[in-house]
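Student: Turn this into a structure:
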Amino acid sequence: MSSPPLPVYDGAMLYVFLAAALAVLTALIAIYNRLVRSRNRARTAWSDIDVQLQRRYDLIPQLVKAVDHYARYERATLEAVTELRAQALRVERIGERGDSEEKLAEGVQRLLALAEDYPDLKADENFLDLQQQLAETENYLQFARRYYNGSVRDYNTLTETVPSNLVAGLFRFRRREFFQKASDDVANVPLVELGSVE
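Tutor: Numbers count the residues shown, from 1 in each chain. Model prediction:
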């Protein structure tokens, strides 16, 4: 009695296997590249926010100095804004930074509101220029925050959904934190109005 013949695999089976392996490898590469692009978009968006925050940090001492010249009795407000700026500069985590930036923005708004009580300050060209620059910075910051949060949302979705989450886990792509105010939701970030410049 002879044993049954072993199945003969022809070249077609090998080509199917190689084609399937190539398709899987191509899909993994495509997913990996998409994750990298998304992560880099989020990093670039954070850089845009960081530029606007630095611009605000640079304008605040000038604003404090301008207000101090006219409103010497408002020392507590001036010191509070200076301290809020220092605190915001110390915060490292993105999620916590939103809270400190919100407090700083409120302090700057209080500082700008002092102009209503001091007509000479309200008419000062330097103060008006600083007020305009801060208003522009706040608006740019809101747009940058929206773009960053949208980029983070897209990136986090990729790291959490199948099949890209498998590649993300394999290559250690981690979730990113949103940058938002404590009272904001990601989709509804209001523009800050600091007053009009005439």
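Student: Show me the shaky parts of this structure.
Tutor: 1-10, 181-198 (pLDDT under 70).
Student: Can you show me the helices along it?
Tutor: 11-70, 75-90, 94-113, 119-123, 125-160, 164-170 (DSSP state H).
Student: Just want the angle from the longest one to helix 94-113.
Tutor: By that I understand helix 11-70. On the basis of axes from the mean of the first three to the mean of the last three CA atoms, to 10 degrees, helix 11-70 is oriented at 30 degrees to helix 94-113.
Student: rewinding a little: out of the helices of the chain, which gets nearest to Phe178?
Tutor: Nearest to Phe178 among the helices of the chain is helix 125-160 (5.1 Å), distances taken as CB to CB. Quick note: C-beta positions are derived from backbone N, CA and C, even for glycine.
Student: I'd say Arg145 and Ser151 touch.
Tutor: No: using CB atoms under 8 Å, Arg145 is not in contact with Ser151; the gap is 10.8 Å.
Student: May I have stretch 128-143 exported as CSV, CA atoms only?
Tutor: C-alpha atoms of stretch 128-143 as CSV (Å, rounded to 0.1, in the frame of the first residue of the first chain):
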residue,chain,number,x,y,z
LEU,A,128,-3.6,101.9,22.1
ASP,A,129,-1.0,100.2,20.0
LEU,A,130,-0.4,97.6,22.7
GLN,A,131,-4.1,97.1,23.1
GLN,A,132,-4.4,96.5,19.3
GLN,A,133,-1.5,94.0,19.3
LEU,A,134,-2.9,92.1,22.2
ALA,A,135,-6.4,91.9,20.6
GLU,A,136,-4.8,90.5,17.4
THR,A,137,-2.7,88.1,19.4
GLU,A,138,-5.7,86.8,21.3
ASN,A,139,-7.6,86.3,18.0
TYR,A,140,-4.7,84.5,16.4
LEU,A,141,-4.4,82.4,19.6
GLN,A,142,-8.0,81.3,19.4
PHE,A,143,-7.6,80.3,15.7
